[in-house]
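> Provide a 3D model corresponding to the input given below.
(one chain, ligands or ions: 1)
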Amino acid sequence: MKQSKWGMVVDLDKCNGCQACVVACQSENNIPLQKKSDYDENRVIQWIRVERYWEGSFPDVKAKFIPIMCQHCDEAPCEPVCPVYASYHNNEGLNVQVYNRCIGTRFCANNCPYQVRFFNFWEAEWPGIMEKCTFCVQKIRRTKRDAKVNGFEIEDGAREINPACVNSCNTEALIFGDMNNPESKISRIKAKEEKKDGRGYHLMEHYGTSPNVLYLKKVDNSKKSHSH
Ligand code: SF4
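Numbers count the residues shown, from 1 in each chain. The predicted structure follows:
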């Protein structure tokens, strides 16, 4: 079987800010729910968050949303600063975190420009560990194992392997897949949208992080008609 390289596309033209992805991620990964007092102590944990921006002024105000999760960077700034290699890259392009190696220095969180790493101060088995999005690696592992044992091919976009956020998004703003498979939906989107006139871009790519999440710009038709 060819080595997979996992990636995600986030189509900002489809995201309506409903936050279903945030709740799905919380449920799948047992992320602690926060009370107001936790917020006040800056202990919020959200492996995926939906940032909201307002454009224009009343009454012509528009809301824009951008879901942000770990970008699974090829040149991940969190990895070289971990003194115990708890943050590392696996052979499928995922930036993963070994919980029982983490000694809690939090260098990784400080070095991540996307602010997607969270230190869990709650009742963890270890006295606090760094946590983050893994593209639901537990689903990837389980599906691959099932496919091997039962002898079936994993279909592109199968719900069994998709991260919880992707399955929960009813506008299909989030697309997950194997970028090493040229026939996958994500590869086809990348081929089209990473061209010069495409909508694709990477968050803060000037840092040289080489993220594996591709964002597609929102299509703003009003700007087109105004320019006539
Ligand atoms: S579930 Fe989809 S539409 Fe809703 S906030 Fe998340 S990405 Fe946007």
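
> enumerate the residues of this structure near the ligand.
Taking CB under 6 Å from any ligand atom as the test, the list of the chain residues beside the ligand reads 15-21, 50, 65, 67, 168-169, 171, 173-174. In short, each C-beta sits where N, CA and C put it, glycine included.

> residue closest to the middle of this structure?
Central residue check for the chain by CA atoms, centre = their mean: the C-alpha nearest the mean position is that of residue 69, 3.4 Å away.

> lowest-confidence helix or strand of the protein?
Across the helices and strands of the chain, mean pLDDT, DSSP states H and E gives its lowest value to helix 221-226, namely a mean of 60.

> and the residues of the chain next to the ligand, which of them are in helices?
Judged by DSSP state H, the subset of these located in helices is 20-21, 168.

> save those as TSV, and put in pLDDT and distance to residue 74 too.
Shown next, in TSV, are these (pLDDT from 0 to 100; distance: CB to CB, whole Å):
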residue	pLDDT	distance to residue 74
20	98	29
21	98	23
168	98	27
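
> got the residues you listed as a markdown table, with neighbour count columns?
Supplementary listing: these in a markdown table, determined by neighbours: other CB atoms under 10 Å:
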| residue | neighbour count |
| --- | --- |
| 20 | 17 |
| 21 | 25 |
| 168 | 19 |
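
> just the closest of those residues to residue 216, please.
In terms of CB to CB, no member of those lies closer to residue 216 than residue 21, at 15.9 Å.

> give the contact list for that closest one.
Residue 21 makes contact with 48, 50, 67, 164-166, 168-169, 174, according to CB atoms under 8 Å, 6 or more residues apart in numbering.

> how close does residue 205 sit to residue 94?
Using CB to CB, to the nearest Å, one obtains 19 Å as the distance from residue 205 to residue 94.
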